[in-house]
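>>> structure for this input, please:
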Amino acid sequence: MAEYQTIQEEQISTKDLLRKIIAVFNLIGSQWKLLLISVGIGTLISIVLDIKDLKETEYNGEIQFNLESGGNGQNPMGGLGGLANAFGVGGMGVATSNDLFSGGNFGLMVSSKALYEKALMKEVTIGGKKTLFINFYKDSSDIAKKEWGGDLLHEPDKKAIAYRFQPKKPNDFTKVENIIIATIYEKLAAQTQLQPLDKTGSIMILSSITNSELLTKVWLETLLESLKEFYIEVRTQKTREIYDIQVNRLRELEGKLNSTDRQLATTNFQNLNAVDPTAPMRQQQLNRSNNFISNQYFTQMATVEQLKMALIHQTPLFTVLQPVRLPLLQKTYTIGGNTKTGAFLGFFLCLVFIIIRKTYQELMS
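So this is what the prediction gives:
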């Protein structure tokens, strides 16, 4: 008897479930117009969002490189040995340093305006012709359409679009040039990124995304070359200053040595038939001066050679492990790519609304 009652209850529960499912389908069928409108609205919204986010095809490029610092005696871990700290992935126990290329300073330096200005004013070869990179960027990027293109309330900045830069130092920039470069810097800084390849290694990835395939490639190569030059310039600055001083000293000694050599040769020639008893004394004095200056000269020459070797030793080694090569990875934006998602969301939200409204009406009645 108990088993028969259980079976009956299960049959009743199944019937109730089927009735509810059929009721839901009937409800959906009765509200098909509202559902159709919701699907249309969802599709329309997705198209509007696609139009709003529509961009030109973007090209993503990257360069993988490693930097081995020269023996500057400051950081035994090397130029990028402690660089992981700049990205929060380094080991513990590394002392804080005020070195420009250590800790968090490196990442800030790579994205600094000073380095970007150096790269922008660098000469590049495009199609067999040499031009400043900043002029190439103005011609190849979409900055003329977007940042300088104007809108309903502002006219296009024709002066910035047509301006051509000439080789000069950043300190010599005019007010107009500073404004143009500031706009380009903000745009390029947002399009460029430096990050470690992994948490434990020192290999870095320099990447960029622009609207031009060739522009992306040339920009990455130019920025890395400027970084290399700037790094070497800073790392070897003190040694180069000492080297220049010692080279000037060597040239002075070389001039003095040539002078005493000429004087000694003249004196030796004159003393062949000289009757002046002081002539041998003058010759002896010139010999002493010549030997003294000669010793100083060769000692100074050895010092200069040592400084040359020190410059080589301190010069960091940039190793490009993966250069940027064409074709690049591209991302194309289209209109209507999200219509299915929009239509489904419109249908689902409308269905939830219909069910909730029906339930509320039943409870109120």
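>>> other SSEs contacting the lengthiest strand in the chain?
In the chain, assigned by DSSP state E, the strand with the most residues is strand 58-68. The elements that strand 58-68 packs onto, with contact taken as 3 or more CB pairs under 8 Å, 6 or more residues apart in numbering; DSSP states H and E, are strand 204-210, helix 213-235, strand 317-322, strand 329-331. Using the backbone N, CA and C atoms, a C-beta is placed for each residue, glycine as well.
>>> would you turn those into CSV with mean neighbour count and distance to Q246?
Below are these laid out as CSV (neighbours: other CB atoms under 10 Å; distance: least, CB to CB, whole Å):
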stretch, mean neighbour count, distance to Q246
strand 204-210, 21, 35
helix 213-235, 20, 19
strand 317-322, 13, 25
strand 329-331, 12, 50
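>>> redo the ones you listed as a markdown table? Include distance to Q166 and mean pLDDT.
Below are those laid out as a markdown table (distance: least, CB to CB, whole Å; pLDDT from 0 to 100):
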| stretch | distance to Q166 | mean pLDDT |
| --- | --- | --- |
| strand 204-210 | 24 | 89 |
| helix 213-235 | 18 | 89 |
| strand 317-322 | 29 | 82 |
| strand 329-331 | 34 | 77 |
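>>> if we can go back for a sec, could you check the angle the longest strand of the chain makes with strand 204-210?
Using axes from the mean of the first three to the mean of the last three CA atoms, to 10 degrees, the inter-axis angle of strand 58-68 relative to strand 204-210 is 160 degrees.
>>> quick one: strands adjacent to strand 58-68?
Its sheet considered, strand 58-68 pairs with strand 204-210 (antiparallel), strand 317-322 (antiparallel), strand 329-331 (antiparallel) by DSSP bridges.
>>> do a quick rundown of the helices in the stretch 151-300 of the chain.
158-162, 175-191, 213-235, 237-270, 279-314 (DSSP state H, counting those that start in this stretch).
>>> R251 is nearest to which of the strands paired with strand 58-68?
strand 317-322 (31.0 Å; CB to CB).
>>> how far off centre is the closest one?
A distance of 15 Å separates the centroid of the chain from that of strand 317-322, by CA atoms, centre = their mean, to the nearest Å.
>>> report the angle between it and helix 213-235.
Going by the same axes, to 10 degrees, strand 317-322 makes 160 degrees with helix 213-235.
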